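Undergrad: starting from these lines, generate the structure:
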Amino acid sequence: MTHRVLDLDLDFFVFPTAHFRSGRLRLPEPQYSCSRPEEVERFLEQQCGLSKSRKIPGRLCVDHDEAFDTWKEWIAKGEIEAPFDVDHVDAHADLGLGDSSWVYLLTEILALPVEERGQPKRGSGGLNFGSYLAFALANRWIRSLNYVYGPDTPLLDGFPSDIHTIFFRDEDWKNNPIELPHYSEAQMNAILMCQKQDPLDREPPIPNCYVAGTEFQRSGFTHMILARSPGYTPSTADSLIPIIQQYFYSI
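TA: Below is the predicted model of the structure:
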């Protein structure tokens, strides 16, 4: 069976988008506002094909990096079969922009056999709520990745720009699939000095696309993640959580 995960962050429904924060201190009000409950319901039902009468299995997380642990658990229990498709509905790409996690990922993690990549170091420079998707990709859990971005996501030539181009074939994040490159430590040091290097090898290609939230249209989700992301949402956003929980049951 083909599984498809709706990987939803509550900050997708928060305006404007906050960037490069740490910790769980809530966003100040009234500088930040949220979508109305009826808007959230309309998005989930009309654009995601969800139904309150046909709930799908899911998990409510505090920080979004808990999705990595949840997927690992679900795979081990046979709840979901990898690789699966992911629609990442979020105000951020969560592929590691903003810290050095990509350096660790492309050198140390990709040097390991696939079956040994599931316990990376955590925190800044490792797996965290801003990089967990890249580590899931490195574990080869994801078959395809669609980034459904919000209205405040930074764009370049019409494409989200909060992504490391080095993750993509020929570093072309607009047209090419993700192909995580593996570099030695010496090669990475050269890259950090702006010296281009040919990777030792590359991970299998992963189709990737970008869709504005206003244009997104999908159905057939089998599983769901909801991240509260307290550091990127005001406390008023919490009122949307029970609205969204009407569409999934916890496993």
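Undergrad: and for S101, nearest residue in space, chain neighbours not counted?
TA: S131 (4.0 Å; C-beta to C-beta, 6 or more residues apart in numbering). In this view, the C-beta of every residue, glycine as well, is placed from N, C-alpha and C.
Undergrad: ditto for G49
TA: That would be S219: by C-beta to C-beta, 6+ apart, it lies 2.8 Å from G49.
Undergrad: just give the number of residues close to that neighbour.
TA: S219: 10 surrounding residues under other C-beta atoms under 10 Å.
Undergrad: tell me which residues of stretch 84-104 come out buried.
TA: Buried residues in stretch 84-104, defined by neighbour count with 16 or more other C-beta atoms under 10 Å: 84-99, 101-104.
Undergrad: please report how far the residue nearest to S101 lies from Y104.
TA: As judged by C-beta to C-beta, to the nearest Å, S131 and Y104 stand 9 Å apart.
Undergrad: go on, I56?
TA: For I56 relative to Y104 (C-beta to C-beta), the value is 33 Å.
Undergrad: for the chain, longest helix please?
TA: helix 66-77 (DSSP state H).
Undergrad: I'd like to know which elements the very next helix or strand once past it is packed against.
TA: Next along the chain after helix 66-77, taking DSSP states H and E as the criterion, comes strand 84-90. Judged by 3 or more C-beta pairs under 8 Å, 6 or more residues apart in numbering; DSSP states H and E, the packing partners of strand 84-90 are strand 4-9, helix 132-138, strand 142-149.
Undergrad: so which of the ones you listed is nearest H223?
TA: strand 4-9 (4.7 Å; C-beta to C-beta).
Undergrad: parallel or antiparallel, list what pairs with the closest one.
TA: strand 84-90 (parallel), strand 223-227 (parallel) (DSSP bridges).
Undergrad: with just CA atoms, put it into CSV.
TA: The C-alpha trace of strand 4-9 is given here as CSV (Å, rounded to 0.1, in the frame of the first residue of the first chain):
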residue,chain,number,x,y,z
ARG,A,4,0.8,9.5,2.1
VAL,A,5,1.5,11.8,5.1
LEU,A,6,0.1,15.2,5.7
ASP,A,7,2.9,16.8,7.7
LEU,A,8,1.2,20.0,9.0
ASP,A,9,2.7,22.7,11.2
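Undergrad: now do it: everything it contacts.
TA: 48, 50, 58, 64, 67, 71, 80, 84-92, 94, 133, 218, 220-227, 229, 232, 244 (C-beta atoms under 8 Å, 6 or more residues apart in numbering).
Undergrad: now stretch 154-164
TA: With C-beta under 8 Å, 6+ apart as the criterion, stretch 154-164 contacts 19, 92-93, 95-97, 102, 147, 149, 153, 173-174, 210.
Undergrad: for that stretch, buried residues please.
TA: P160, D162, I163, H164.
Undergrad: repeat that for stretch 124-134.
TA: Buried, per 16+ other C-beta under 10 Å, within stretch 124-134: G125, G126, L127, N128, F129, G130, S131, Y132, L133, A134.
Undergrad: do I have it right that R122 meets S131?
TA: No: between R122 and S131 there is no contact, the gap being 10.0 Å when judged by C-beta atoms under 8 Å.
Undergrad: any common contacting residues for those two?
TA: D65.
Undergrad: can you check the pLDDT for E29?
TA: Note on E29: pLDDT of 89.
Undergrad: give me the nearest residue to it, chain neighbours excluded.
TA: Leaving out its chain neighbours, E29 is closest to P234 (C-beta to C-beta, 6+ apart), at 4.8 Å.
Undergrad: OK, contacts around that neighbour?
TA: Contacts of P234 by C-beta under 8 Å, 6+ apart are V14, R26, L27, P28, E29, Y32, S33, C34.
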